[in-house]
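Trainee: here is a sequence together with a model predicted from it:
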Amino acid sequence: MNDWKDAARDALVSGSVASVTSTVALMLFGEAAIGRPFAPTNAVSHWVHGASATRADRFSWRHTLTGYVTHHCASVFWALLHEKLFGSAAAARRGALRALGDATATATVAWVVDYHLTPRRLMPGYERRLARKPLYAVYAAFAAGLALGGALLALQERR
């Protein structure tokens, strides 16, 4: 188990990778489901900009940037928990399946908290633009990003 300082340092890497992979998934599902790749990320900014964010379809600095930064910070937060509990680089050294299992556990906890314990005003927001099945895939992309981030950290340790 990592100490908090090491976990925070590693979370910046694994959380950033998870943020990018899940944002790509949001864009792909936004395009496939509603023909608007930025709409799900824009919706994340609803906690700042209110209901207008859930109706914003195109790229905008106001909604897209706020949505991405919010999503990125949340991803690093969940990665911090992940790194503290599992140490993704250590899990990656033990095997890809182990690393993916640990990352899936973290993503599952994030989903439960996001959709069952969080007040609606602070939920991620992309659930207002995407159906349930694509949401599961977004969280799966998040888990894959955590595992990939751990693999990158393990490679860095070897050097």
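Mentor: Great, that's in hand.
Trainee: output the longest helix belonging to the chain.
Mentor: In the chain, taking DSSP state H as the definition, the longest helix is helix 4-34.
Trainee: okay, buried residues for that helix please.
Mentor: Within helix 4-34, the residues that count as buried by 16 or more other CB atoms under 10 Å are 7-8, 10-11, 13-23, 25-30. (Glycine included, C-beta is placed from N, CA and C.)
Trainee: so what does it touch, helix or strand wise?
Mentor: helix 39-44, helix 66-86, helix 88-94, helix 132-158 (3 or more CB pairs under 8 Å, 6 or more residues apart in numbering; DSSP states H and E).
Trainee: contacts for the first one?
Mentor: Right, helix 39-44. Contacts to helix 39-44, defined as CB atoms under 8 Å, 6 or more residues apart in numbering, come from residues 23, 26-27, 29-30, 53-54, 56-57, 60, 63-64, 66-68, 70-71, 124-126, 128-130, 138.
Trainee: in PyMOL, how would I select the buried members of the residues you listed?
Mentor: Under the burial definition 16+ other CB under 10 Å, those of those that qualify are selected in PyMOL by:
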select buried, resi 23+26+27+29+30+53+54+56+60+63+64+66+67+68+70+71+124+125+126+128+129+130+138
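Trainee: report how many residues lie close to Ala74.
Mentor: By the measure other CB atoms under 10 Å, the count of residues near Ala74 is 20.
Trainee: excluding its backbone neighbours, what's nearest it?
Mentor: Spatially, and ignoring its direct neighbours in sequence, Ala74 is nearest to Pro124 (7.4 Å; CB to CB, 6 or more residues apart in numbering).
Trainee: give me the pLDDT value at the one you found.
Mentor: Looking at Pro124, its pLDDT is 95.
Trainee: same check, this time on the one 3 residues further on
Mentor: At Glu127, the predicted lDDT confidence score is 94.
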